[in-house]
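K.L.:
how does the following fold in three dimensions:
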Amino acid sequence: MRLIQLTDTHLEADPGAELKGVNVRRTLTAVLDLVRSHEPDFAAFLLTGDLSHDETLDSYRALSDLLAPYGKPAFALAGNHDDPVAMTEGFASAGGGVRMGRSHDLGGWHLVLADGRVPGEVGGRLSETEQGALDGDLAAHREAPTLLALHHHPVPTGSAWMDAIALENPEVLDDLLKRHPQVRGVVWGHVHQEQDMARDGVRFLGTPATCIQFHPESEEFALDDRPPGYRWIDLLPDGTLATGVRRLDAWP
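P.N.:
Just a heads-up that it's a prediction; the model follows:
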């Protein structure tokens, strides 16, 4: 089963909206065209937050409309730029295949979407309520290999400014992973760059945005000239996963 992760689309109601001089709808459309040309058969999209930049219903409807021609379900979680209420209403009113919610069964695999948003803050945190919900969900699906998705990065990027707005309490996630060894991968957005590391049998994966890219290992905010892209994730029958990042050849 192949998932296509799209993250940090930063769409606005205005089709001409730009982020740091980049038309975000144009870059997303180009990335989706890349998906169409390279992914003849995949199961679903995984959307890992900052899907909107202006938190409007129309921005979420626009995303749903752009995904609709692919005829695939999409599993979505909110990032620090998202309004979960507008997000839920916007996707519902669009009538597409975007699904909210924490827990999803994917054949022999399980997908869990963690909510690390802190209202009014750029960084993230797993609240006690969210910790309990995640623990309960993972305990109820011990037999299924699991992919855990969140928005904020739980491991350092090496960029001081970026790591100041990471997941504030990654030790909580570490404890969850120790109690639930069926989690085989953790994937996130937020960082606008690629990360890939393994620790204690778990793959940790950060993914490029579909719009602007952040320069790796930069002490202060800086943009990278590498073009946007997406991550493919294969959930294999033996409980392992394979993954990679595919980028546009050039900026559209």
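
K.L.:
all contacts plus neighbour counts: C-alpha atoms, from now on.
P.N.:
Will do.

K.L.:
who touches V155 in this structure?
P.N.:
By Cα atoms under 8 Å, 6 or more residues apart in numbering, the residues touching V155 are 166, 170.

K.L.:
what is the burial count for the closest residue to G189 other than its chain neighbours?
P.N.:
With sequence-adjacent residues excluded and distances taken as Cα to Cα, 6 or more residues apart in numbering, G189 is closest to H151, at 5.0 Å. H151 has 30 neighbours, counted by other Cα atoms under 10 Å.

K.L.:
wait, H151 touches V186, no?
P.N.:
No: with contact defined as Cα atoms under 8 Å, H151 does not count as touching V186 (10.4 Å).

K.L.:
if we can go back for a sec, mind listing what the residue nearest to G189 touches?
P.N.:
Counting by Cα under 8 Å, 6+ apart, H151 makes contact with 48-49, 77-79, 114-116, 188-190.

K.L.:
next, count neighbours for H141.
P.N.:
Applying other Cα under 10 Å, we find 17 residues neighbouring H141.

K.L.:
give me the phi and psi for the residue nearest to it when sequence neighbours are not counted.
P.N.:
Closest residue to H141 apart from its sequence neighbours, by Cα to Cα, 6+ apart: H110 at 7.4 Å. Backbone torsions for H110, taken as degrees, to the nearest 10, come to phi -120, psi 140.

K.L.:
how close does H110 get to M162?
P.N.:
30 Å (Cα to Cα, to the nearest Å).

K.L.:
and L241, by the same measure?
P.N.:
Note on L241: its distance to M162, by Cα to Cα, is 27 Å.

K.L.:
of the two, who's got more company?
P.N.:
The residue with more neighbours, out of L241 and M162, is M162; 22 against 19, by other Cα under 10 Å.
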